[in-house]
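Visitor: No sequence on hand, only this structure:
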């Protein structure tokens, strides 16, 4: 989710945690390209990477990197946060700078509750009957989910 209002890295992180999930984590070139498509030309954005052994805002480790040549350089010894430019290359940056930012949002999971009442003369304590009935219910529900 692209947020155009410029904030510091910490304020952007707080905003994302309050309204979405967290600042964006990028774990592959494909994800970085998908992110790139959301950033308007000429705009730098905060992403969730910061200089704590280069960790993501959600405390997961970072394996994928897309540094611009010569980066990270820790210019002025105060560049602890990562911004991405409109060419989708990364810079270590002063966390007090204000940029637009990208929030990560977990997909919404829908839950459907199905209640069933069964009447049978079968012995439901019999493991064979119980297993057979559960297989039939599972199959019926899979058809329902596929239809939905």
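Guide: In hand now; what should we look at? Computed from a prediction, not measured in an experiment: that's the story for all the values here.

Visitor: Sketch out the low-pLDDT regions of this protein for me.
Guide: For the chain, residues meeting the criterion pLDDT under 70 lie at 107-114, 140-148.

Visitor: residue closest to the middle of it?
Guide: In the chain, the centroid-proximal residue (C-alpha atoms, centre = their mean) is residue 104; its distance is 4.3 Å.

Visitor: where do the strands sit along the chain?
Guide: For the chain, applying DSSP state E gives strands covering 2-7, 22-23, 45-50, 55-56, 79-84, 90-94, 99-104.

Visitor: roughly how far is the second one from the heart of the chain?
Guide: Distance, stretch centre to chain centre, for strand 22-23: 8 Å (C-alpha atoms, centre = their mean, to the nearest Å).

Visitor: how about the strands of the chain in TSV, adding distance to residue 68?
Guide: For the C-beta atoms, the positions are set from N, CA and C on the backbone; glycine is no exception. Listed next are those as TSV, based on distance: least, C-beta to C-beta, whole Å:
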stretch	distance to residue 68
strand 2-7	20
strand 22-23	19
strand 45-50	13
strand 55-56	19
strand 79-84	9
strand 90-94	6
strand 99-104	15
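
Visitor: OK, contacts around residue 116?
Guide: residue 137 (C-beta atoms under 8 Å, 6 or more residues apart in numbering).

Visitor: Pull up the gap between it and residue 123, please.
Guide: According to C-beta to C-beta, to the nearest Å, residue 116 stands 18 Å off from residue 123.

Visitor: Start from the N-terminal end of this protein and give the helices.
Guide: Here the chain has its helices, by DSSP state H, at 9-19, 29-36, 127-147.

Visitor: orientation of the first one relative to strand 90-94 in degrees?
Guide: So the one you mean is helix 9-19. Interaxial angle, helix 9-19 versus strand 90-94 (axes from the mean of the first three to the mean of the last three C-alpha atoms, to 10 degrees): 110 degrees.

Visitor: Contacts for helix 9-19, please.
Guide: Surrounding helix 9-19, the residues in contact under the criterion C-beta under 8 Å, 6+ apart are 3, 7, 22-23, 46, 48, 50, 57, 81, 93, 95-97, 99, 101, 103-104.

Visitor: This completes my enquiry, with thanks.
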